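J.: Dropping a prediction and its sequence here:
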Amino acid sequence: MIPVSIQVRQALGKLVLPVLLLLSVGIIIAGQADRKLADTARMYVADALAPLWGLIAHSQTDISHLVQGVKDARHLAEENAKLQTENAKLRRWYDVAVSLARENDSLKTELHWVPEPTPAFVTGRVVADSGGMYARAVLLVAGTTSGVHVGNVALATNGLAGRVTEVGPHAARVLLITDIASRLPIELESSHATAIMAGDNSPMPRLMYYPQDSRPIEGERVVTSDQAGAFPMGLPIGTVHYLHPGQPVVQPFVQLDKLTMLRVFDFGQSEIEPPEAPGHVPLTRPHRPLALPFKTLLGQGQEG
Amino acid sequence: MSEPSPPSWDPDLEPRLTFGQKLDRTARHLLPSAFIVLVIIFFSAPLAIPGSAELLSAIVIGSVFFWSVWRPTGMPALAPFVLGLFMDLVGFTPLGVSSFILLLVYGISSYARFGLMRMNFLVVWFLYGLIGGAASFLQWALACLFRLHGLDPAPALFEALLCIGVYPLLSATFSWFLHILDEKESA
């Protein structure tokens, strides 16, 4: 230790707190000014902590499986009978589905149908709920090494969960559809009307800008729209629900607070380019940095 | 006239600590910070606990308060800064916000610590409630400021209530811990 007198040491000791306070204010300002640097630092920390979180998540699922197993054991006979009747019913449906699929195939051959490309996807375990009180986002153990890119679409078992906003080598952050920064173009399935679904950090995102002549109907299915080219058409999101008259929200199919696995799809939307047309005005504007915080998380193509 | 010179005091003349004692002392000083780091890592994992984000802030604020009042050697000024930065890096809050809030909590509690130590537990709890509430409110206000958008104050209220509610539990645990440590020290 450097030999200094007790007075100097005390004076230095009193200075530490104000200096640190100023430093933290400086970090706040620097973080706001250079958001990329802050995000990189975050990704490094998340990358380093991902295995630990994986361990916690793993043991947690094990415990919950155990508890669930004990609970389920009481209703085994009941459930067995129910499943058998359901199985018989499903077998009939299976026959119907097979015959319909054959018919569909034959009709497609008749029509010289152009097949759609199969999207590539990777599956990752959700290891951290990196959203705090005012953000909804999760961390996924799948990064650039497994082919995940910014803007990819994350699907849970039964519907859309969110989009990839930041990628590290081994981890990716997925902004959920309920986050306040999330705004997606959607389509109401029965009326084919387009609208915007805006998250507000509550479990049910709001519906905005729907046409006044075809209002959303309670219980109507909501799917993604391919407007602005960010999503492919028709990914299931949820159903319309009215919390109050004139205030439609979407009840997501996915239980966003209990995510364990996510599939990240690369639909290659950006590779679809319309043929050259004279006088054609491009739909998406060139990307420019936005002044408001967290807007940039969404990436481009959301405002077209 | 010559004053009787004070016996020259040199830290090197203290009985030198053995390696084990040094290790023990370092562990003691790092214990609160290590506890908080573990809490942050644990609560940022996807748990099925409702309101874990609010609970995390409440526990961290409570721990910083307790240690800076009762055992400031275990909570130097650098600790709330680093812990807050770590919390921001792990979570989604703008970088530096938690550091700022924790440093304020640390500053207030270490400023008032000699007054607080003499008071009844209930009074300390009440005063801590005021500090925790102010911290939650500040967090909410800063979040609003950075989003340029009035956010729902309900989570902040919830956090303030959690802060107040979780403190007796934290205080009891830490006091028990201090008791054990002191017993070991005197033994």
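T.: It's in.
J.: element containing the residue nearest the centre of chain B, please.
T.: Closest residue to the average C-alpha location of chain B: residue B:64 at 0.8 Å, with Cα atoms, centre = their mean. Taking DSSP states H and E as the criterion, residue B:64 maps to helix B:52-70.
J.: Chain A: helices as residue ranges?
T.: A:6-33, A:35-72, A:76-111 (DSSP state H).
J.: List just the one of these that sits closest to residue B:128.
T.: Evaluated with Cβ to Cβ, the helices of chain A place helix A:6-33 nearest to residue B:128, the distance being 19.2 Å. Yep, even glycine has a C-beta here, placed from its N, CA and C like the rest.
J.: what's that closest one packed up against?
T.: Packing partners of helix A:6-33 (3 or more Cβ pairs under 8 Å, 6 or more residues apart in numbering or on different chains; DSSP states H and E): helix A:35-72, helix B:78-90, helix B:97-111.
J.: just checking, what packs against the second one?
T.: The criterion is 3+ Cβ pairs under 8 Å, 6+ apart, and the helices and strands that helix B:78-90 contacts are helix A:6-33, helix A:35-72, helix B:19-44, helix B:52-70, helix B:97-111.
J.: As CSV, those with distance to residue A:150 and mean pLDDT would be great.
T.: CSV is the format used below for the helices and strands packed on helix B:78-90 (distance: least, Cβ to Cβ, whole Å; pLDDT from 0 to 100):
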stretch, distance to residue A:150, mean pLDDT
helix A:6-33, 20, 86
helix A:35-72, 11, 86
helix B:19-44, 22, 87
helix B:52-70, 25, 90
helix B:97-111, 25, 91
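J.: now those helices in JSON lines, with distance to residue A:229?
T.: Converted to JSON lines, the helices and strands packed on helix B:78-90 look like this (distance: least, Cβ to Cβ, whole Å):
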{"stretch": "helix A:6-33", "distance to residue A:229": "30"}
{"stretch": "helix A:35-72", "distance to residue A:229": "24"}
{"stretch": "helix B:19-44", "distance to residue A:229": "34"}
{"stretch": "helix B:52-70", "distance to residue A:229": "34"}
{"stretch": "helix B:97-111", "distance to residue A:229": "35"}
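J.: Out of these, which is closest to residue B:136?
T.: helix B:52-70 (7.3 Å).
J.: Which strand residues bridge the residue nearest to residue A:183 when sequence neighbours are not counted?
T.: Setting aside the residues directly before and after it, residue A:183 is nearest to residue A:198 in space (Cβ to Cβ, 6 or more residues apart in numbering or on different chains), at 5.0 Å. As for beta bridges, residue A:198 partners with residue A:183, residue A:206 under DSSP bridges.
J.: Can you give me the pLDDT of residue A:198?
T.: pLDDT, residue A:198: 93.
J.: correct me, but it touches residue A:182?
T.: Yes: taking Cβ atoms under 8 Å as the definition, residue A:198 is a contact partner of residue A:182 at 7.3 Å.
J.: Pick out whichever of these two has more residues nearby.
T.: Using other Cβ atoms under 10 Å in any protein chain shown as the criterion, residue A:198 and residue A:182 rank with residue A:182 on top: 24 against 20.
J.: Contact partners for that one?
T.: A:136, A:162, A:163, A:175, A:176, A:197, A:198, A:199, A:205, A:298 (Cβ atoms under 8 Å, 6 or more residues apart in numbering or on different chains).
J.: List the residues that contact the nearest residue to residue A:211 once chain neighbours are set aside.
T.: Leaving aside its chain neighbours, residue A:211 sits nearest to residue A:193 (5.0 Å; criterion: Cβ to Cβ, 6+ apart). Contact analysis of residue A:193 by Cβ under 8 Å, 6+ apart lists A:187, A:210, A:211, A:214, A:216.
J.: 10 Å - rerun?
T.: Residue A:193 makes contact with A:186, A:187, A:210, A:211, A:212, A:213, A:214, A:215, A:216, A:220, A:225, according to Cβ atoms under 10 Å, 6 or more residues apart in numbering or on different chains.
J.: Repeat that for residue A:254.
T.: A:154-162, A:176-178, A:236-238, A:262.
J.: Figure out which of the helices and strands packed on helix B:78-90 is closest to residue A:230.
T.: helix A:35-72 (20.0 Å).
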